[in-house]
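In: Need the 3D shape of this:
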Amino acid sequence: MFKIINFFKFFYKKNILVALLLNNVLSIHAQETVPSTGGDATGTGGTSSFTVGQVFYKNNASSAGFVSQGVQQAFEIQTLSNPDLLTVQLKAVTYPNPTTDYVVLKITDIALENLQYTLFDLNGKTIVSKKITTSSTKITMKNYSIGMYLLKLTQKNQPLKTFKIIKKQ
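Out: Here you go, the predicted model:
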């Protein structure tokens with residue numbers, strides 16, 4: 001009888017050990033993703049990376065900001081400019097991009113005379129056009145739809161620089 005009880009104690013301890021090891025192995029495996037395929041594609045318009053097989057992703061939005069959970073995140077910053085205007089010394093940046101409420105256009109190394117910005121949607125429709133009077137201009141985007149916009153900077157009706165602005169939730 002004593003041998004049978006010892007056998008069950010040994011078997012019980014062995015099963016607990018196997019269960020704990022199996023749990024640890026599955027927990028480690030749960031921290032990774034195995035996409036079926038993916039890569040980088042390059043063309044004349046730019047570069048794109050992709051994965052196929054990501055099953056779950058989630059977007060969380062609040063008044064404090066926007067967070068995307070998942071394996072691969074989209075992020076794009078692109079400045080479009082006119083290479084024919086090599087004589088103009090212009091340093092201009094826009095931030096935050098992507099944005100939810102506003103974009104700040106900061107300009108240095110150029111006179112602010114006859115300088116203006118125009119915000120277009122991707123269909124070419126003018127959303128807003130205003131003169132720039134200070135080196136830091138806040139452009140409100142709160143009432144616009146989610147999507148991409150072009151912010152064109154001109155001086156004396158000559159295009160200087162164009163920014164691609166991404167509007168999030």
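In: use CA for all of it now, contacts and neighbours both
Out: OK.
In: Kindly state the domain boundaries assigned to this protein.
Out: Using automatic domain parsing, the domain ranges for the chain come out as 2-69, 79-167.
In: Report the beta-bridge partners for residue 138.
Out: For residue 138, the beta-bridge partners are residue 104 (DSSP bridges).
In: Helices of the chain, residue ranges please.
Out: Under the criterion DSSP state H, the chain carries helices at the ranges 2-29.
In: Least confident of the domains of the chain, on average?
Out: Per-segment mean pLDDT for the domains of the chain reaches its minimum on domain 2-69, at a mean of 64.
In: And for residue 113, the neighbour number?
Out: Using other Cα atoms under 10 Å, residue 113 has 11 other residues around it.
In: swap in residue 126?
Out: Residue 126 has 14 neighbouring residues, counting by other Cα under 10 Å.
In: Now do the contacts for the nearest residue to it once chain neighbours are set aside.
Out: Using Cα to Cα, 6 or more residues apart in numbering and skipping the chain neighbours, the partner closest in space to residue 126 is residue 120 (4.6 Å). By Cα atoms under 8 Å, 6 or more residues apart in numbering, the residues touching residue 120 are 126, 127, 128, 149, 150, 151, 152.
In: partner residues bridging the third one?
Out: Beta-bridge pairing for residue 128 (DSSP bridges): residue 119.
In: Does it touch residue 116 like I think?
Out: No - if you go by Cα atoms under 8 Å, residue 128 and residue 116 don't touch, sitting 10.6 Å apart.
In: Neighbour count: the two, which is higher?
Out: More neighbours surround residue 116 than the other of residue 128 and residue 116, with 18 against 13 (other Cα under 10 Å).
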